[in-house]
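Colleague: no letters, just coordinates:
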């Protein structure tokens, strides 16, 4: 018995944890069901109460009429038994008045009740009488109410109200769920050319209007992003030719001035920065395209982290790098280049904004229904004002004057989205900035 109770309690906890009662469908169903059930129940109880009252009066009148007819027949025949008829405990107490008289022929000591039921009666001799009879008691209200609540009619009312609530809730919530699935697909596939279902858009109500407005918004966003991508592509293309000429001129100047000349070194360094910016723009626009194709492969997460750590040691030999993978044999099947690029950009961001002796930690683990990868540095973190804008293009730290081009974190986020995951950033409670990559379990290698 205890085990059964524990199972029921566990099942109820799981149901409540899902928050089904917060869903619009169940809210609408409960409201419609309660309103219709209360309304129909009130009408049913009122009408049944009226019908019950009328029925009881009809039964009372029929019984009193038969008794009064018998009493009057013996009264008019001067038969003394008519008094015994009226005083019998099993009979209804009656006050019988001749028509036009206030003196009853019965000998009751008390007057008839003020709310007595009155009806007229004609005896067999043709004389008119007025009969007063006490109304029957209402009975116990609770008993009558329970009897009606558990009646067949109440069961039918509850069934009808439940069906109407389900139908109305489904009519409203179903198109909303269709639009919600469309938004989800739009986000997951990153394809702004997707549009809502035609049947939903053709509706002539508020939901159809919402669907059409959403399609217009998606079309506007798609046009804006396409224009932005085209602009970035054109800018990067137009910069490559002058950059090539500039590098050629820098090479000629370096031959005249010598390799050790500060001016020639400065020119070469700025050319390399400009070339890196163009490469970042090209990479960003490529990831912005929904049809970007990258080869998938099976690889060891620990091996990938080791390669990243080796790159860090090559660039900054004094920086400690900690690697933690659980389970150690964790392998993924996805576009390795995208994940590597996202982690490389995050590491590059940490190397630029933290001291060379600050530790860097890269970890991977299985967490519930996701593969979770964390990258944490030991630097000062990011200001709260900049943190929400960290993944926006061309946003840089240090008041916009930091190193880099402001595209690294944007490219990292786009790469993770292409993998079907999400990238988040927050300041660790202890110190430093922590990037969290969450990928679906479908990326695990069998």
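Modeller: Received the coordinates, thanks. Source: prediction; values computed, not measured.

Colleague: surely residue 335 is in contact with residue 419?
Modeller: Yes: using Cβ atoms under 8 Å, residue 335 is in contact with residue 419, at 6.4 Å. (C-beta placed from N, C-alpha, C; glycine too.)

Colleague: next, residue 194: phi, psi?
Modeller: phi -70, psi 140 (degrees, to the nearest 10).

Colleague: show me where this structure has its helices.
Modeller: Ranges of helices within the chain are 2-18, 24-76, 81-87, 141-149, 152-189, 198-201, 206-257, 262-288, 301-315, 336-353, 408-418, based on DSSP state H.

Colleague: tell me what the second one is packed against?
Modeller: Pointing back at helix 24-76 there. Contacts defined by 3 or more Cβ pairs under 8 Å, 6 or more residues apart in numbering; DSSP states H and E place helix 24-76 against helix 81-87, strand 95-98, strand 117-122, strand 128-133, helix 141-149, helix 152-189.

Colleague: next one: that helix to chain centre, how far?
Modeller: How far helix 24-76 lies from its chain's middle: 45 Å, per Cα atoms, centre = their mean, to the nearest Å.

Colleague: state the mean pLDDT of that helix.
Modeller: The average pLDDT for helix 24-76 rounds to 75.

Colleague: how far off strand 128-133 does that helix point, in degrees?
Modeller: 130 degrees (axes from the mean of the first three to the mean of the last three Cα atoms, to 10 degrees).

Colleague: can you count the residues close to residue 244?
Modeller: By other Cβ atoms under 10 Å, 12 other residues sit near residue 244.

Colleague: how near is it to residue 250?
Modeller: When distance is defined by Cβ to Cβ, to the nearest Å, residue 244 is 11 Å away from residue 250.

Colleague: residue 43 now?
Modeller: 92 Å.

Colleague: neighbour-wise, which of those two wins?
Modeller: residue 250 (20 against 11).

Colleague: ignoring the adjacent residues along the chain, who's closest to the more buried one?
Modeller: residue 267 (4.4 Å; Cβ to Cβ, 6 or more residues apart in numbering).

Colleague: which ones are touching that neighbour?
Modeller: 246, 250, 253-254 (Cβ atoms under 8 Å, 6 or more residues apart in numbering).

Colleague: that older thread, can you tell which of the helices and strands packed on helix 24-76 is closest to residue 215?
Modeller: Residue 215 lies closest to helix 152-189 among the helices and strands packed on helix 24-76, at 9.3 Å (Cβ to Cβ).

Colleague: orientation of the closest one relative to helix 408-418 in degrees?
Modeller: Using the same axes, to 10 degrees: helix 152-189 against helix 408-418 is 130 degrees.

Colleague: run the chain-centre distance for helix 152-189.
Modeller: 14 Å.

Colleague: buried residues in it?
Modeller: 154, 157-158, 161, 164-165, 168-169, 172-173, 175, 178-179, 182, 186 (16 or more other Cβ atoms under 10 Å).

Colleague: beta partners for residue 117?
Modeller: Beta bridges link residue 117 to residue 133, judged by DSSP bridges.

Colleague: so it touches residue 63, yeah?
Modeller: No: Residue 117 is beyond contact range of residue 63, at 11.4 Å (criterion: Cβ under 8 Å).

Colleague: got the domain boundaries for the protein?
Modeller: 20-188, 206-288, 297-443 (automatic domain parsing).

Colleague: can you tell me what sits against stretch 112-127?
Modeller: 57, 60-61, 64-65, 68-69, 72-73, 76, 95-96, 98-99, 104, 128-135.

Colleague: report the rounded mean pLDDT for it.
Modeller: Per-residue scores along stretch 112-127 average to 82.
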